[in-house]
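Asker: turn this into a model:
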Amino acid sequence: MPEAQIQNRHPLYSLFYLILFALAGTFVFSLLGMLIGALIYGTAELFNMTAGTASIGFVKILQIFSSIGTFIVPAWFFARFQGETPAVYFKLNTKFQPLLLILTVILMFASSALLEWTQVLNQNMHLPAFLESLETWMRQQEDQLADLTKQLLKMDSAGQLALNLFMIALLPAIGEELVFRGCFQHIFTRWTKNPHWGIWISAIIFSAIHLQFYGFLPRMLLGACFGYLLLWSNSLWFPIIAHLINNGAAVIAAFVYQQQGKPIDSLSTATVESPSVYVLSLFFTSATLWMFYRYSQSRALPNTHKHG
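Answerer: Coordinates of the predicted model:
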């Protein structure tokens, strides 16, 4: 397609094809994952899956293939559809700034208490009485996903830790950032002609698609944070690294807990800390974001993202 036609393409058209690629990738790679899982664990696992009793190994294979097919492969096809190489479209070829890497690491640890506070707020939210049935369903969904997460996080060896870091931390960090920040954010920024709307709409979709309603608020704020890292740095590497740290820290914490004989249930339950902890977290988070922004602006990094 000629470059002029790609540049003038309506964002809704791009959105339609992005969703189409994601649905097709999910279908194809889910089938591929089931086939490979059945070859390794036996065809009985296909029936166990429908009954919700599939082995955790089989579930992990499906999870890996689903992540690749839903996010990474569609993002690659979408970049090509937009007339760019993935490296250029996703801003992976911009000059890397070591100081921004350091600030990204600091940011993720500085914001952990603040995000935990928003999780406490989220978990204590209740819908109006006339929506009681909806809230019951939301709680059930949350409990089911929490149970699955605990099963996935069970680890008793370094090999299982490495597999979980790959499945829960690395793949989502790459795939979800390619789709939500690399694709959705750019589409909605073009559509609204406002980068802030693009960031927040994408963050809302990012949080909603996880179907974990009582973690919606912190996940949305996290998504917005990733979006601003991309906007200011003009590089998708920093959201990817931040996402990797966030997920990887949870996996490593679960492994350490189990090595110490502690239950991992507490990892998914936010605890109320002293208000001073949250104030300090807010201060250091804000200061780090400000430094990230100021340094990015001082470097005057060029915007290489041309197409919708």
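
Asker: give me the nearest residue to the residue nearest the centre of the chain, chain neighbours excluded.
Answerer: With distances taken as Cα atoms, centre = their mean, residue 176 lies nearest the centre of the chain, 4.7 Å away. Distances taken as Cβ to Cβ, 6 or more residues apart in numbering place residue 71 nearest to residue 176, at 5.7 Å, with adjacent residues excluded. Glycine gets a C-beta too; all of them are placed from N, C-alpha and C.

Asker: return the distance of the one you found relative to residue 24.
Answerer: 13 Å (Cβ to Cβ, to the nearest Å).

Asker: looking at the two, which is more packed in?
Answerer: residue 71 (24 against 15; other Cβ atoms under 10 Å).

Asker: residues in contact with the more buried one?
Answerer: Shown in contact with residue 71 (Cβ atoms under 8 Å, 6 or more residues apart in numbering): 22, 25, 171, 172, 174, 175, 176, 178, 179.

Asker: now, the residues you listed that are in helices?
Answerer: 22, 25, 171, 172, 174, 175, 176 (DSSP state H).

Asker: burial count for the fourth one?
Answerer: Counted with other Cβ under 10 Å, residues neighbouring residue 172 total 19.

Asker: distance check, it against residue 218.
Answerer: Taking Cβ to Cβ, one finds residue 172 at 16 Å from residue 218.

Asker: check the first one too.
Answerer: Spatial separation of residue 22 from residue 218 under the definition Cβ to Cβ is 24 Å.

Asker: what's around residue 106, how many residues?
Answerer: Residue 106, neighbours per other Cβ under 10 Å, totals 16.

Asker: highest neighbour count among the ones in helices among the contacts of residue 71?
Answerer: residue 176 (25 neighbours).

Asker: residues contacting that one?
Answerer: 71, 206, 243.

Asker: what pLDDT does it get?
Answerer: In this model, residue 176 is scored at 97, pLDDT.

Asker: and if you look at residue 197?
Answerer: 97.

Asker: for the stretch 201-308 of the chain, give me the ranges with low pLDDT.
Answerer: 265-272, 300-308 (pLDDT under 70).

Asker: could you rerun that using 80?
Answerer: Scanning the stretch 201-308 of the chain for pLDDT under 80 picks out 211-212, 214, 261-274, 299-308.

Asker: residue 125 in helix, strand or coil?
Answerer: coil (DSSP: H, G, I helix; E, B strand; the rest coil).

Asker: how much space between it and residue 226?
Answerer: Residue 125 is 23 Å from residue 226, where distance means Cβ to Cβ.

Asker: and those two? which has more neighbours close in?
Answerer: Counted by other Cβ under 10 Å, residue 125 and residue 226 do not tie: residue 226 has more neighbours, with 29 against 11.

Asker: Three-state assignment for the more buried one, please.
Answerer: Applying three-state DSSP: residue 226 is helix.

Asker: contacting residues for it?
Answerer: 177, 180, 181, 203, 239, 242, 243.

Asker: and these, which are buried?
Answerer: Among those, those classed as buried by 16 or more other Cβ atoms under 10 Å are 177, 180, 181, 203, 239, 242, 243.
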